[in-house]
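# kindly return the folded structure for what I paste below:
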Amino acid sequence: MRVERWQLLQRQSQPLEAKIMMSLNRIRQWYEHWDGNVYVSFSGGMDSTVMLHLVRSIYKRVPAVFVKSLPYPEIWQHVKETDGVAVLKPDKTFVQVVQEYGWPVVSKRMAQYIGGVQRAKGETATKRLRLTGIKTNGEYSPMGMISKKWQFLCDAPFRVSDRCCFWMKKRPMREAGKRFGVPFVGIRVDEGQQRKQTYYTKGCNSLDGKFPRSWPLAFWSDADIWQYVARFNVPYSKIYDMGYTRTGCFACAFGAHLEPEPNRFQRIRETHPKLYKWCGDIGLFDVLDYVGVEYREPLQMKLL
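Residues are numbered from 1 along each chain as shown. Below you'll find the predicted structure:
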């Protein structure tokens, strides 16, 4: 169901109590529509932890599904300590994916476009669109174009790709649907403009398309999540007590260029030296050097 901008703003402005009630209503609607043939897509992060707690507050036997790709140790520990979680493994490892397709850098959209240009054989209409923004009908489409800031990556000595998320998360979760049903997904629209646009089009519960999904927490804020955790004493991963706010695959570089120091890789250097060394061993730091993402000691630490 389409959501207007004013409706989203209204929902986001509600107190936590009202948001809980709205989310529970959407959970009930989803559960009843699918006759209980549902599951929670569980990443072990804060949002999916709250979502699982909400779902099981009314439907205690709903399963959770976790894909073990490249989790932080603290995330993996939290998953193991959570009841009723099925663990899936991707068909390919992270190293296999980057070797076969390319590295996840900048953003999913930019990586998709850059990878397409790198793979193009000769001059094509799509390649022209990605480099100039000019469509076949002569119209200018800035959203179809690689940002000029990142066009130099088309000539990088390594390949760039957005396929990592497909192999490490989406594909295993689609397989999960064959066993567990249709998912609740812990997505919040304040985490990205693309998610917000999707919400405007499909709302919380989307029955359209090939892959139906429910976003019960779409209109929650980060403050709402933490308030809920405190109010209901919800156990969560200790990674958040170490200063981390992003807890996906630890070797993913999407969005790293936007983070202030210490960024995720500088933080890993201090908190998880074995993971840091592994990132260097697989060649990730060479990629970060080329992209311009710092991974060494933060500047403020060097000045002390």
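
# okay, CA-based contacts and neighbour counts for the rest of this
Will do.

# nearest spatial neighbour of residue 264, chain-adjacent residues omitted?
residue 256 (7.0 Å; C-alpha to C-alpha, 6 or more residues apart in numbering).

# ok, now which ones touch the one you found?
Listed by C-alpha atoms under 8 Å, 6 or more residues apart in numbering, the contact set of residue 256 reads 105, 106, 263, 264, 293.

# nearest to residue 142, of these?
Of all those, residue 142 sits closest to residue 106, with 17.0 Å by C-alpha to C-alpha.

# and the closest one, how many residues sit next to it?
20 (other C-alpha atoms under 10 Å).

# repeat that for residue 210.
6.

# that one: which element?
Of the helices and strands defined by DSSP states H and E, none includes residue 210.

# surely residue 115 meets residue 161?
Yes - using C-alpha atoms under 8 Å, residue 115 is in contact with residue 161, at 5.1 Å.

# quick one: which of the two has more around it?
More neighbours surround residue 161 than the other of residue 115 and residue 161, with 25 against 22 (other C-alpha under 10 Å).

# now the more buried one: how far from residue 215?
Residue 161 is 27 Å from residue 215, where distance means C-alpha to C-alpha, to the nearest Å.

# repeat that for residue 70.
24 Å.

# could you do residue 141 as well?
30 Å.

# for these two, indicate the residue with more neighbours.
In this view residue 141 and residue 215 are compared by other C-alpha under 10 Å, and residue 215 has more residues nearby, 24 against 13.

# next, that one: phi, psi?
Note on residue 215: its backbone torsions stand at phi -120, psi 80 [degrees, to the nearest 10].

# which residue sits closest to it, ignoring its sequence neighbours?
residue 204 (4.7 Å).

# contacting residues for the one you found?
So residue 204 contacts 26, 214, 215, 216, 217, 218 (C-alpha under 8 Å, 6+ apart).

# ok, and the closest non-adjacent residue to the fourth one?
What it means is residue 216. Nearest residue to residue 216 in three dimensions, chain neighbours excluded: residue 23, at 4.9 Å (C-alpha to C-alpha, 6+ apart).

# I'd like to know how many residues surround the one you found.
21.

# that one: helix or strand, and which one exactly?
helix 16-33.

# quick check: buried residues in that helix?
Residues of helix 16-33 classed as buried by neighbour count (16 or more other C-alpha atoms under 10 Å): 16, 19, 20, 22, 23, 24, 26, 27, 30, 31.

# ok, stretch 215-234 next?
Neighbour-count burial for stretch 215-234 [16+ other C-alpha under 10 Å]: 215, 216, 217, 218, 219, 220, 221, 224, 225, 228, 229.

# that one: end-to-end distance?
20 Å.

# then stretch 155-167?
End-to-end for stretch 155-167, by C-alpha to C-alpha: 25 Å.

# confidence score at the residue nearest to residue 69 when sequence neighbours are not counted?
Excluding the flanking residues, the one nearest residue 69 by C-alpha to C-alpha, 6+ apart is residue 168, at 5.7 Å. Residue 168 carries a pLDDT score of 95 in this model.
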